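Chemist: model the structure of this input:
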Amino acid sequence: MPHYLARDRVAIVTAVVAPLAVTAVLVPFRTTFANANAALVLVVVVVAVAAVGNRLAGAIAALSAAAWFDLFLTRPYERFAITRSADVTAAILLLAVGLAVSQLAARARRLQIVAITDADYLAQIHDTAQLA
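Modeler: Coordinates of the predicted model:
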């Protein structure tokens with residue numbers, strides 16, 4: 001199995017599990033911890049998954065984080081229903097930021113490959129110039 005396929009599988013599993021695990025850690029503090037702060041903690045998780053994984057993993061992490069945020073950290077707890085407009089905004093922004101970061105991370109990886117390839121071409125031109 002190619003290395004990138006194994007990495008992508010791990011990233012997708014992490015995209016589902018990591019936001020759930022962080023949310024589980026935050027659940028005991030949900031009455032004293034502001035939901036906006038919890039959403040920011042989940043954004044960090046989504047950014048980490050997007051940076052390490054692929055675009056799909058980042059999108060799944062964003063969806064997972066938004067779902068677990070809604071289910072466990074917003075009132076009414078343990079229901080997919082948000083009653084406060086601030087929590088709706090936080091969930092939507094969590095999803096939007098996660099998707100945007102996933103796109104940016106994928107673009108950065110592609111540009112890194114282009115830069116490496118261009119550096120190789122430049123080295124070949126330099127070697128050819130030295131021979132001439």
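Chemist: helices or strands next to the biggest helix by length in the chain in the packing?
Modeler: If you go by DSSP state H, the chain has its longest helix at helix 85-131. Contacts defined by 3 or more C-beta pairs under 8 Å, 6 or more residues apart in numbering; DSSP states H and E place helix 85-131 against helix 35-52, helix 55-68. Bear in mind the C-beta positions are built from the backbone N, C-alpha and C, glycine included.
Chemist: save those as JSON lines, and put in mean pLDDT and mean neighbour count too.
Modeler: Listed next are those as JSON lines, based on pLDDT from 0 to 100; neighbours: other C-beta atoms under 10 Å:
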{"stretch": "helix 35-52", "mean pLDDT": "91", "mean neighbour count": "20"}
{"stretch": "helix 55-68", "mean pLDDT": "92", "mean neighbour count": "23"}
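Chemist: now the ones you listed as a markdown table including distance to I82?
Modeler: Listed next are the helices and strands packed on helix 85-131 as a markdown table, based on distance: least, C-beta to C-beta, whole Å:
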| stretch | distance to I82 |
| --- | --- |
| helix 35-52 | 10 |
| helix 55-68 | 10 |
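Chemist: ok now the longest helix of the chain, how far from the chain's centre?
Modeler: For helix 85-131, the distance from its own C-alpha centre to the chain's C-alpha centre is 14 Å (C-alpha atoms, centre = their mean, to the nearest Å).
Chemist: got it, and stretch 77-96?
Modeler: That offset, for stretch 77-96, works out to 18 Å (C-alpha atoms, centre = their mean).
Chemist: surely V22 and V41 touch.
Modeler: Yes: V22 is within contact range of V41, at 6.3 Å (criterion: C-beta atoms under 8 Å).
Chemist: quick check: angle from the longest helix of the chain to helix 35-52?
Modeler: 20 degrees (axes from the mean of the first three to the mean of the last three C-alpha atoms, to 10 degrees).
Chemist: got the angle for helix 85-131 vs helix 55-68?
Modeler: With the same axes, to 10 degrees as the basis, helix 85-131 and helix 55-68 are set at 160 degrees to each other.
Chemist: report the helix or strand with the lowest average pLDDT across this protein.
Modeler: Every helix and strand in the chain was compared by mean pLDDT, DSSP states H and E; the lowest is helix 85-131, with a mean of 85.
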